[in-house]
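K.L.:
Task: produce atomic coordinates for the following.
(one chain, ligands or ions: 1)
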Amino acid sequence: MRIFESLESQVRGYIRSFPTVFATSKGAILTDENGREYIDFFAGAGTLNYGHNNERITKAMIAYLEGNGVLHGLDMATTAKRNFLEKFSSTILEPRNMDYKIQFTGPTGTNAVESALKLARTIKGRSNVVAFTNGYHGLTMGALAVTGNTFYRDEAHISRSNVSFMPFENYFGDNVDSLACLRKMIEDTSSGLDLPAAVIVETIQAEGGINVASAEWLKGLSDLCREFDILLIIDDIQVGNGRTGSFFSFEFADIKPDIITLSKAIGGGLPMALVLMRPDLDQWKPGEHTGTFRGNNLAFVACTEALSYWDNPALSEAVQYKGARMYEALDAIRNTHPELEANIRGRGMIWGLELPERNLARTVVETCFEKGLVIELAGAEKQVIKLLPPLVIEEDLLKQGLAIIAESIKEVLKKREIL
Ligand code: PMP
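P.N.:
Numbering: from 1, shown residues only. Reported below is the predicted structural model:
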C-alpha cells in the first residue's frame with residue numbers, strides 16, 4: 001500500500017474504506033493480491049450492474065479490439081456507435097414508446113448533468129434551477145451547485161449559484177407536503193424563488209441516504225413542471241440501468257421526463273454518459289457542447305452487449321426477486337435489534353439500512369469489510385448502510401453478503417457490551 005500513501009493525493013477515498021490492493025474481479029467477487037475474496041455490495045457505485053468482467057461483455061470487447069475497431073473517434077460515426085444507437089432504440093426506447101434524442105457527453109455522470117443543465121437554461125432563457133435537499137449530481141461546478149451536501153460545497157469552490165433547494169419528499173417527515181411547498185413558492189411572486197428553467201431530481205437519492213420518492217410525488221412534480229413551463233430533468237445516473245427493476249427508475253410513476261441523464265452502468269462497466277432529451281428540446285448548435293472523450297467506442301460495444309439483458313424480462317424479474325430477499329434480510333435485522341431504531345428504505349436492488357446512532361453504521365461496514373464484504377455508506381451523516389450489489393449476483397452470494405451484515409451488527413453490539 002506504500003506507493004498509494006506516498007504518491008497518491010490525499011483526495012483518495014474508497015481506498016481508505018477498503019484498505020487492500022484488489023487484483024482481479026469476476027461477477028460479484030473482488031479478489032485482492034493475497035487471494036482473499038470479497039463479495040461486492042458496492043458495484044462501482046452502481047456501475048457494475050452486469051457484474052465485474054461480465055463474460056458476454058468481455059467477449060464482445062475482445063472481438064472488437066482484435067478486429068482493430070475504432071477506439072477513439074470523438075463524435076464521428078463508427079459502426080460501434082451505430083450498433084449502440086440501433087440497440088438502444090430497439091430495446092429500450094421503442095418498447096417504452098419513448099421519443100428522445102441522444103447526446104453523448106464526456107464519459108462521466110457529472111458531464112451529463114452539466115450538459116442537461118446548460119441545455120435547459122439555454123432553452124428557457126432562465127438561469128435558476130430547482131434541486132432537492134440531499135440530492136447528489138456530481139462535483140463539477142454546475143453539478144456541484146445542484147448537490148446538497150456541505151462536505152462538497154466549500155465556499156472556496158466559488159460559484160454554486162443560480163440554484164434553489166427545495167425539500168425532497170418526506171424531508172420534514174410525512175406530515176409536510178413538500179410539493180405543496182414548492183407550488184406555493186413558485187406561485188407566490190414574492191417568495192424569492194425565481195421561476196426555474198428546470199427541476200433536477202433523483203427518483204431515489206442514492207448518495208443522499210437512499211431516500212425514495214413515491215410514484216405519487218414524482219407524478220405530482222411532473223404535473224407541476226408542466227403547469228409552470230419548467231423542464232423536468234431526471235438524473236438516472238445511479239438508479240437507472242435496471243437498478244430498480246425497470247430500465248429507467250421512473251417508469252413505475254408513469255412520467256415522461258423532458259431530459260434524462262444516464263451514466264455509470266450504461267457503459268457496461270466502462271466510462272460513458274448520455275443525455276436523453278425530447279426531440280423539440282434538441283436545440284444545440286452543432287459542436288456547441290463538446291468533449292474529447294464523447295463517444296467511448298469500447299463502451300458502445302460493451303453497452304450494446306449489456307443491453308441484450310433487456311431483450312426479455314428475466315433480469316427485471318431477477319431484480320424484483322433478489323430485491324425482496326434483500327428487504328427480508330434487513331427486516332430480520334430490524335426485528336432482531338429493535339433498540340437500534342433502524343429504518344429500511346429502497347426499491348429493486350438498492351436498499352439502505354439507516355442506523356441513526358452516530359458512527360454505528362461506519363463501524364458496521366468496517367466490520368463487514370473485515371469479514372469479506374465490500375459495502376459503503378450514504379447519507380449526510382454517513383448513517384445509512386447502502387446495499388448495491390451487481391444485479392446479476394448469484395442468489396447464494398447475495399445471501400452470504402446479507403448474512404455478513406447481520407453478523408457484523410451482532411459482533412459490533414456484542415463488543416460494545418463487553419466494553
Ligand atoms: N448523479 C448521480 C445521481 C450520481 O449518483 C452520481 C455519482 N455518484 C453523479 C451524478 C456523478 O457521476 P460521476 O461521479 O460519474 O461524475
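K.L.:
Strands along the stretch 251-400 of the chain, start to end?
P.N.:
259-262, 274-277, 343-347, 350-354, 373-374, 376-378, 384-387 (DSSP state E, counting those that start in this stretch).
K.L.:
Can you tell me which of these is nearest to the ligand?
P.N.:
strand 259-262 (6.8 Å; CB to the nearest ligand atom). Heads up, the C-betas are built off the backbone N, CA and C, glycines and all.
K.L.:
sorry, back to before: in JSON lines, list the strands of the stretch 251-400 of the chain along with mean pLDDT, mean neighbour count and distance to G209.
P.N.:
Listed next are those as JSON lines, based on pLDDT from 0 to 100; neighbours: other CB atoms under 10 Å; distance: least, CB to CB, whole Å:
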{"stretch": "strand 259-262", "mean pLDDT": "98", "mean neighbour count": "27", "distance to G209": "20"}
{"stretch": "strand 274-277", "mean pLDDT": "98", "mean neighbour count": "26", "distance to G209": "26"}
{"stretch": "strand 343-347", "mean pLDDT": "98", "mean neighbour count": "20", "distance to G209": "8"}
{"stretch": "strand 350-354", "mean pLDDT": "98", "mean neighbour count": "25", "distance to G209": "6"}
{"stretch": "strand 373-374", "mean pLDDT": "98", "mean neighbour count": "24", "distance to G209": "19"}
{"stretch": "strand 376-378", "mean pLDDT": "98", "mean neighbour count": "22", "distance to G209": "5"}
{"stretch": "strand 384-387", "mean pLDDT": "98", "mean neighbour count": "28", "distance to G209": "5"}
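K.L.:
Now these in a markdown table, please, with extra columns for distance to the ligand.
P.N.:
Shown next, in a markdown table, are those (distance: least, CB to the nearest ligand atom, whole Å):
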| stretch | distance to the ligand |
| --- | --- |
| strand 259-262 | 7 |
| strand 274-277 | 12 |
| strand 343-347 | 15 |
| strand 350-354 | 11 |
| strand 373-374 | 16 |
| strand 376-378 | 10 |
| strand 384-387 | 11 |
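K.L.:
Now render those as JSON lines, adding distance to A198.
P.N.:
Below are those laid out as JSON lines (distance: least, CB to CB, whole Å):
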{"stretch": "strand 259-262", "distance to A198": "7"}
{"stretch": "strand 274-277", "distance to A198": "11"}
{"stretch": "strand 343-347", "distance to A198": "24"}
{"stretch": "strand 350-354", "distance to A198": "24"}
{"stretch": "strand 373-374", "distance to A198": "35"}
{"stretch": "strand 376-378", "distance to A198": "25"}
{"stretch": "strand 384-387", "distance to A198": "27"}
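K.L.:
Surely V199 and G135 touch.
P.N.:
No: counting by CB atoms under 8 Å, V199 stays clear of G135, with 10.5 Å between them.
K.L.:
out of the two, which sits in the busier spot?
P.N.:
V199 (27 against 22; other CB atoms under 10 Å).
K.L.:
and the strand or helix carrying the more buried one, what does it pack onto?
P.N.:
Counting by DSSP states H and E, the element that carries V199 is strand 198-201. Packed against strand 198-201, as judged by 3 or more CB pairs under 8 Å, 6 or more residues apart in numbering; DSSP states H and E, are the following elements: helix 109-124, strand 129-132, helix 215-227, strand 231-235.
K.L.:
quick one: which of the ones you listed is nearest N149?
P.N.:
strand 129-132 (11.6 Å; CB to CB).
K.L.:
mean confidence for that closest one?
P.N.:
In this model, strand 129-132 has a mean pLDDT of 98.
K.L.:
what does stretch 315-331 give?
P.N.:
Mean predicted lDDT for stretch 315-331 stands at 98.
K.L.:
Could I get the buried residue list for that stretch?
P.N.:
315-316, 318-320, 322-323, 326-327, 329-330 (16 or more other CB atoms under 10 Å).
K.L.:
Output these as TSV; include the columns distance to the ligand.
P.N.:
Below are the buried residues of stretch 315-331 laid out as TSV (distance: CB to the nearest ligand atom, whole Å):
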residue	distance to the ligand
L315	21
S316	21
A318	23
V319	18
Q320	22
K322	21
G323	19
M326	19
Y327	22
A329	24
L330	21
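K.L.:
Filter those residues down to the ones in helices?
P.N.:
Per DSSP state H, helices hold the following members of the buried residues of stretch 315-331: 315-316, 318-320, 322-323, 326-327, 329-330.
K.L.:
Tell me the residues on the stretch 51-200 of the chain that lie near the ligand, please.
P.N.:
Residues of the stretch 51-200 of the chain lying close to the ligand by CB under 6 Å from any ligand atom are 108-110, 113, 136-138.
K.L.:
Apply 5 Å and report the result again.
P.N.:
The stretch 51-200 of the chain comes close to the ligand at residues 108-110, 137-138, as judged by CB under 5 Å from any ligand atom.
K.L.:
Now for those: which two are most distant?
P.N.:
T108 and H137, at 11.6 Å, using CB to CB across these.
K.L.:
So for these two, which sits in the more crowded spot?
P.N.:
Using other CB under 10 Å as the criterion, T108 and H137 rank with H137 on top: 29 against 21.
K.L.:
Could I get the pLDDT score of the closest residue to T363 other than its chain neighbours?
P.N.:
Spatially, and ignoring its direct neighbours in sequence, T363 is nearest to V412 (5.2 Å; CB to CB, 6 or more residues apart in numbering). Looking at V412, its pLDDT is 97.
K.L.:
again with V239
P.N.:
98.
K.L.:
quick one: it and the ligand, what's the gap?
P.N.:
7 Å (CB to the nearest ligand atom, to the nearest Å).
K.L.:
now swap in G13 and tell me
P.N.:
Separation of G13 from the ligand (CB to the nearest ligand atom): 11 Å.
K.L.:
just checking, T78 touches L298?
P.N.:
No: look at T78 against L298 with CB under 8 Å: they stay out of range, at 10.8 Å.
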